[in-house]
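> predicted model follows, preceded by the sequence.
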Amino acid sequence: MNVLTRDLIRKSEENAVNCGDFSFLKLMEIAGSKAADVILKHYDVKNKRVLVLCGNGNNGGDGFVIANKLLQNGANVSVFLPLGAPKTESAAYYFSLLPQNIVCNNLLSEFDLIIDAIFGIGLCRPLNKELSQLIDKINNWSGIKIAVDIPSGINCDSGEVLGKAFKSDLTITFIAPKPCFYLPPAADYYKTLEVVDIGVTPLESNIKLLSAPTLPERPKSSHKGTFGTALLVCGSYGMAGAAILATRAALKSGVGIAKCLIPKSIYKILTVAVPEAVCLPKTNTLKGGLSAFINIKPALQKTSAVLFGCGLSNTKHTKILLQKLIKNTNCPIVIDADGINALACCIDLLKKANAPIILTPHPAEMARLIKSDVKTVEANRITIATDFAKQYNCILVLKGANTIVADPSGEIYFNTLGNSGMATGGSGDVLSGITVSLLAQGLTPVEAAKAAVYLHSLAADKAAKITGEAALLPSDIIEAL
């Protein structure tokens, strides 16, 4: 599904009107009526006290249509105009159809349902003091809260909260999802989202939602070589768990052979924890990490894909090993964790790669890559992910709630699955293991990255139904695969 920015939504509507499909007046009626239908599907409004907050633009016009329909279905409706009378012709028309005695001048008591139709997608400026106080007051009410298109107080494209924002239980959005639903901090301002088709064909967008992947077939006549060989260069003394989780995830995701190039310091624990793995124990440093002076070339023979970085430790040895790997590898490489930290000081290595590369940073690692800070990364997730993938010709998986997958062509994919239980050390190692497994099985880099993110979150959601989110462990995600 396409995710449309403010500009693309408006152009989609203009195209529909210019083609003669609708007038803007009719479009407002359809939008308001469809939104009212969703409300009536979820809630019994008969004899309930319903407040509709209507702005002075077209979002307010949608609110007037909703108010009228709920009134016809037995609700006790009040309409409040925090910005004054409607200013657009279409909104003024639907306002004129309302019984004027339902328009109230003050809000002295709470309501059963509160419907926010103040701004919609158009807001770009911070709310004034009066509106901020109004929204703050309503957010503290106990009634069910419903937002029309997007919660008021949020920037449609950036997800920025412009002072205060309406906190909705249900958001009813038109035509297509908007970027703000998948970006911090706006994603915390709604619980449930419903996308309503109002008959407008959405324009194509470079921002999309991840969908269920098509995985490689598994023929009956297959053998372990059929499903590829993944080389995992991971782990160090004290961080054996990262290598174990990544390896188990790779095997659980269907790879034929998982080879682990590891320091001797963790050989015993890894081979006991994952007996299915092929272990290649090598010389370790005094601190138990993998030595930079090992010969990595033999391990790369008959390898379909490589994972580098999980638990390796952030040392000069890791940096040297990464340089060796990038210069000598012709199969796809996944770089995660300490591999990303090692790359931060020599980022132009990516431009010398002979093979496709997938990077899987969390926001702090992304900040190191671009020499910025986490706040900047979180405020500009789409732009930063897109620009980086293009500049360095790689697949970028920017982790977090609603993880982003960006490819060099400029395509962006949002993940809509997952839960707070994934915010635990080791979850990223599981994702990297799934990714290298799917690469080794023959998926293209972008398809492997997309499929891994989707399956990782789907498994986490499945596991959380059993454990609860707070108790969810990365090993639970692996078992749910």
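Arrived safely. The structure displayed is predicted, hence computed values, not measured ones.

> phi and psi next, for the residue nearest to Ile269 when sequence neighbours are not counted.
If the residues on either side of it in the chain are set aside, Ile269 comes closest to Ala240, at 4.8 Å by C-beta to C-beta, 6 or more residues apart in numbering. Every C-beta, even on glycine, is put in place using the N, C-alpha and C of the backbone. Ala240 adopts backbone torsions of phi -60, psi -30, taken as degrees, to the nearest 10.

> if I look at Ala240, what pLDDT would I see?
We have a pLDDT of 97 for Ala240.

> that one: what's it in contact with?
Applying C-beta atoms under 8 Å, 6 or more residues apart in numbering, one finds that Ala240 lies in contact with Ile266, Ile269, Leu270, Ala273, Gly311.

> identify, from those, the entry nearest to Leu359.
The nearest member of the contacts of Ala240 to Leu359, counting by C-beta to C-beta, is Gly311 at 16.8 Å.

> count the residues that sit near that closest one.
Gly311 has 25 neighbouring residues, counting by other C-beta atoms under 10 Å.

> any idea which element the most centrally placed residue in the chain lies in?
The chain has Asn402 as the residue nearest its centroid, 1.6 Å off, counting by C-alpha atoms, centre = their mean. Taking DSSP states H and E as the definition, one finds Asn402 inside no helix or strand.

> where neighbours are concerned, which of the contacts of Ala240 has the most?
Ranked by the number of neighbours (other C-beta under 10 Å), the contacts of Ala240 place Ile266 first, at 29 neighbours.

> wait, doesn't it sit right on Cys234?
No: Ile266 is beyond contact range of Cys234, at 9.2 Å (criterion: C-beta atoms under 8 Å).

> mind listing the shared neighbours of the two?
By the contact definition C-beta under 8 Å, 6+ apart, Ile266 and Cys234 are jointly contacted by Ala243.

> circling back: between the contacts of Ala240, which is closest to Val453?
Comparing the contacts of Ala240 against Val453 with C-beta to C-beta picks out Gly311 as the nearest, at 20.6 Å.

> what is whichever strand or helix holds Leu27 packed up against?
Under the criterion of DSSP H and E, Leu27 resides in helix 24-42. Where contact means 3 or more C-beta pairs under 8 Å, 6 or more residues apart in numbering; DSSP states H and E, helix 24-42 is packed against helix 6-18, helix 58-72, helix 89-96, strand 168-174, strand 190-196.

> give me whichever of the ones you listed is most buried.
Greatest average neighbour count among the helices and strands packed on helix 24-42 goes to helix 58-72 (a mean of 26), per mean count of other C-beta atoms under 10 Å.

> what angle separates that helix from helix 89-96?
On the basis of axes from the mean of the first three to the mean of the last three C-alpha atoms, to 10 degrees, helix 58-72 is oriented at 30 degrees to helix 89-96.

> quick one: contacts for the residue nearest to the centre of the chain?
By C-beta under 8 Å, 6+ apart, the contact list for Asn402 reads Tyr182, Leu183, Ala187, Phe414, Asn415, Thr416, Gly418.

> swap in Lys69?
Going by C-beta under 8 Å, 6+ apart, Lys69 touches Gly32, Ser33, Ala36, Asp37, Leu40.

> any idea which of these is closest to Thr88?
Gly32 (13.6 Å).

> for that closest one, which non-adjacent residue is closest in space?
Closest to Gly32 by C-beta to C-beta, 6+ apart is Val65, at 2.4 Å.

> and the gap between that neighbour and Gln72?
According to C-beta to C-beta, to the nearest Å, Val65 stands 11 Å off from Gln72.

> show me what the longest helix seen in the chain is packed up against.
Longest helix of the chain, by residue count under DSSP state H: helix 445-467. Contact partners of helix 445-467 among helices and strands, from 3+ C-beta pairs under 8 Å, 6+ apart: strand 357-359, strand 395-398, strand 404-406, helix 427-440, helix 474-480.

> run the chain-centre distance for the fourth one.
Here the centre of helix 427-440 is set off from its chain's centre by 18 Å, with C-alpha atoms, centre = their mean, to the nearest Å.

> check the contacts of Asn402 and tell me the two furthest apart.
Leu183 and Gly418 (14.6 Å).

> more neighbours: the two, which one.
More crowded of Leu183 and Gly418, by other C-beta under 10 Å: Leu183, with 25 against 22.

> wait, what's in contact with the more buried one?
Residues near Leu183 by C-beta under 8 Å, 6+ apart: Ser158, Gly159, Arg381, Ile382, Asn402.

> all strands of the stretch 51-200 of the chain, in order?
76-80, 103-104, 113-117, 144-148, 168-174, 190-196 (DSSP state E, counting those that start in this stretch).

> can I get the ones you listed in TSV with mean pLDDT and distance to Ser457?
Formatted as TSV, those follow (pLDDT from 0 to 100; distance: least, C-beta to C-beta, whole Å):
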stretch	mean pLDDT	distance to Ser457
strand 76-80	97	39
strand 103-104	95	44
strand 113-117	98	29
strand 144-148	98	25
strand 168-174	98	21
strand 190-196	96	16
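
> what mean pLDDT does stretch 452-459 get?
Averaging pLDDT along stretch 452-459 gives 98.

> stretch 422-437 too?
Here the average pLDDT along stretch 422-437 is 98.

> picking that back up, of the helices and strands packed on helix 445-467, which approaches Glu217 most closely?
Minimum separation from Glu217 across those (C-beta to C-beta) falls at helix 427-440, 13.4 Å.

> packing partners of the closest one?
Using 3+ C-beta pairs under 8 Å, 6+ apart: helix 427-440 touches strand 229-233, helix 240-252, strand 305-308, strand 333-335, helix 445-467, helix 474-480.

> next, the angle from that helix to helix 445-467.
130 degrees.

> quick thing: my sequence starts at 695, can you match it?
Got it, the first residue is 695 from now on, which makes the last one we talked about helix 1121-1134.

> what's the angle from helix 1121-1134 to strand 923-927?
Comparing the axes of helix 1121-1134 and strand 923-927 via the same axes, to 10 degrees yields an angle of 150 degrees.

> quick check: pLDDT value at Asn800.
Per-residue pLDDT puts Asn800 at 88.

> need the contact list for the residue in the chain sticking out farthest from the centre.
Among the C-alpha atoms of the chain, the one most distant from their mean position (C-alpha atoms, centre = their mean) is that of Asn795, at 44.4 Å. Contacts for Asn795 (C-beta under 8 Å, 6+ apart) come out as none.

> now do it against Gly749, distance only.
21 Å.

> now do the contacts for the closest residue to Lys1046 other than its chain neighbours.
The shortest distance from Lys1046 to any non-neighbouring residue, by C-beta to C-beta, 6+ apart, is to Ile1020 (6.5 Å). By C-beta under 8 Å, 6+ apart, the contact set of Ile1020 is Ile1027, Leu1043, Leu1044, Lys1046, Ala1047, Asn1048, Ile1051.
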